[in-house]
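Participant: no letters, just coordinates:
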């Protein structure tokens, strides 16, 4: 009981916004026009916990949400906005929300390649099955100490400090929730690749690559950006961008 009380208060504290320094690099209208079901929306957060995540991952991105579109059956908000995103939120657990929730945020679209309707249906069913489950507060306690004092941890090891979750399958953080959905499709994010003998009698030195799925608790938002299997979509460039049309102040 006391731990639940403490977790709730800590989650509320870490979810408070701090000074907003990020600037959106595209308009919301351009984002809304370009984003497609199956896309991952990375967000540069402006909360206290975002500070810790960005420090540990050495990345701009502190949060990730999965866009499944208006046909996902997530319902609408009280004001009629269609819920199209699903995410693991620190305070509210796994929830759905409208795209315009991140209207004023700095975001990036990471797009998987080659998903068909069956794959999207599987992702949607997976997301619906996880709705309401709680955020992994073990990770929150691990992260909270980095807001008090910056640890002398080499940059190459900082991301490992995010993989200290409880291991409870009914709890998740934003990136592990999404990673599990894609790994159910056998879609690669940053797999472990082993080189093994090709067993080719005509080529004694030939090797072949063997892919192994990484543990989902090791994934962070930046991994979708770094993955060679997700296409980076920039809404400004997808909407008939013409540099000649820019109204420069000095002209």
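Facilitator: Sure, I can see it. All figures in this text were calculated on a predicted structure; none of them were measured in a lab.

Participant: who touches the residue nearest to residue 127 when sequence neighbours are not counted in this structure?
Facilitator: Spatial nearest neighbour of residue 127, chain neighbours left out: residue 86 (4.4 Å); criterion: Cβ to Cβ, 6 or more residues apart in numbering. In this view, the C-beta of every residue, glycine as well, is placed from N, C-alpha and C. Applying Cβ atoms under 8 Å, 6 or more residues apart in numbering, we find residue 86 in contact with 65-66, 68, 72, 74, 94-97, 127, 131.

Participant: which residues does the helix or strand containing residue 31 contact?
Facilitator: When secondary structure is defined by DSSP states H and E, residue 31 falls within helix 28-34. Outside helix 28-34, the residues within contact range by Cβ under 8 Å, 6+ apart are 99-100, 103-104, 107, 109, 233, 235-236, 238-239.

Participant: just give me the closest of these to residue 18.
Facilitator: Set against residue 18, the nearest of the contacts of helix 28-34 by Cβ to Cβ is residue 104 (15.0 Å).

Participant: pLDDT wise, what is that closest one at?
Facilitator: Turning to residue 104, the model gives it a pLDDT of 91.

Participant: what distance do you get for it to residue 40?
Facilitator: According to Cβ to Cβ, to the nearest Å, residue 104 and residue 40 sit 19 Å apart.

Participant: so which of the two has more stuff around it?
Facilitator: residue 40 (25 against 13; other Cβ atoms under 10 Å).

Participant: show me what contacts that one?
Facilitator: Going by Cβ under 8 Å, 6+ apart, residue 40 touches 64-67, 109-112, 178, 224, 230.

Participant: tell me where the stretch 101-250 of the chain has strands.
Facilitator: With strands called from DSSP state E, counting those that start in this stretch, the stretch 101-250 of the chain shows them at 107-112, 134-135, 171-172, 192-197, 207-212, 230-233.

Participant: how much space between the nearest residue to residue 40 once chain neighbours are set aside and residue 190?
Facilitator: Excluding the flanking residues, the one nearest residue 40 by Cβ to Cβ, 6+ apart is residue 110, at 4.4 Å. Noted for residue 110: a distance of 12 Å to residue 190, by Cβ to Cβ.

Participant: what's around residue 202, how many residues?
Facilitator: Residues contacting residue 202 under the criterion other Cβ under 10 Å number 6.
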